[in-house]
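*Asks:* coordinates only, sequence not included:
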C-alpha cells in the first residue's frame, strides 16, 4: 500500500506534496528555469478580430488563422467555454460566433447553427455580459443607451473615495479606464452583417440587488 493510500491525513498530505514537488522539478530545464504555454479562452482571439475590424486593419490571413483556432476550440454541443472542461459560456459563444461571421462562416453551417441555438436557449444577446454588449454596441448591434454609464470623470475621484480607480487592481484599471473614454464617445462602425439571429426579443431577467448596486 502506498503512502497516498494510507488513512492518515498527514501522510497523504506529505506524499501529495512530495509528488507535486517532484513533478515540478522534473519539468525544470537543466538550466534552472521553467516554461509553459499560457492558455486562455477564445474571447482573446475573437475580440482581437473585432478590434481589427473596428480599426479597419483586419487582413484575410489574420482572420483565417484566428478563425481556425476559434473553430478548433468549439465543443460538440456548439459552445465555447471559459476554461478547459468548463460549461458552455453564453458571452464567450456570442463573441466567437461574431468573429466567425467576420471569417465568412455561414450562419446556416452546422457549427454555427449549434452555437446560435445555444445562445438563444440561454437568453440571447440580451442576457450576455456587459463587456460583450459593449463590443456589440461599437458595431451597432446593441444600443449605447442600454449600457451602464461609465463617466471618464470618475478618474478625478480622490483616493479616499470608495469607488476611486486607484484602489482597483491594475488589470481592472487598464480595462475600465479606456472603456470610460469609449463609452463617452459612443463610436459605431457597422458590421457587414447583422446578428439578429442571436436575439430573443425578450429582456434579460435581472434580480434586484441590494445596496450600492441598486443605487
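*Replies:* Perfect, thanks for sending it. These numbers were taken from a predicted model, which means no experiment stands behind them.

*Asks:* for residue 93, what are its contacts?
*Replies:* With contact set as Cβ atoms under 8 Å, 6 or more residues apart in numbering, residue 93 has these partners: 78, 79, 80, 115, 118, 119. Every C-beta, even on glycine, is put in place using the N, C-alpha and C of the backbone.

*Asks:* how about those residues, which pair is most distant?
*Replies:* Pairwise distances across these (Cβ to Cβ) peak at 10.7 Å, for the pair 80 and 119.

*Asks:* returning to that earlier point: from the contacts of residue 93, which land in helices?
*Replies:* In this view, these that belong to helices under DSSP state H are 115, 118, 119.

*Asks:* Count the residues that sit near residue 17.
*Replies:* Applying other Cβ atoms under 10 Å, we find 10 residues neighbouring residue 17.

*Asks:* cool, and residue 62?
*Replies:* Quick note: residue 62 (other Cβ under 10 Å) scores 14 neighbours.

*Asks:* Run a quick neighbour tally on the closest residue in space to it that isn't next to it in sequence.
*Replies:* Spatially, and ignoring its direct neighbours in sequence, residue 62 is nearest to residue 52 (6.5 Å; Cβ to Cβ, 6 or more residues apart in numbering). Residue neighbour count, defined by other Cβ under 10 Å, stands at 16 for residue 52.

*Asks:* same thing with residue 81?
*Replies:* With other Cβ under 10 Å as criterion, residue 81 counts 17.

*Asks:* check contacts around it.
*Replies:* 41, 75, 87, 88, 89, 92.

*Asks:* Can you flag the buried ones in those?
*Replies:* 41, 75, 88, 89, 92 (16 or more other Cβ atoms under 10 Å).

*Asks:* Could I get those residues in CSV, plus columns for secondary structure and pLDDT?
*Replies:* CSV is the format used below for those (DSSP: H, G, I helix; E, B strand; the rest coil; pLDDT from 0 to 100):
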residue, secondary structure, pLDDT
41, coil, 93
75, coil, 96
88, strand, 96
89, coil, 97
92, helix, 98
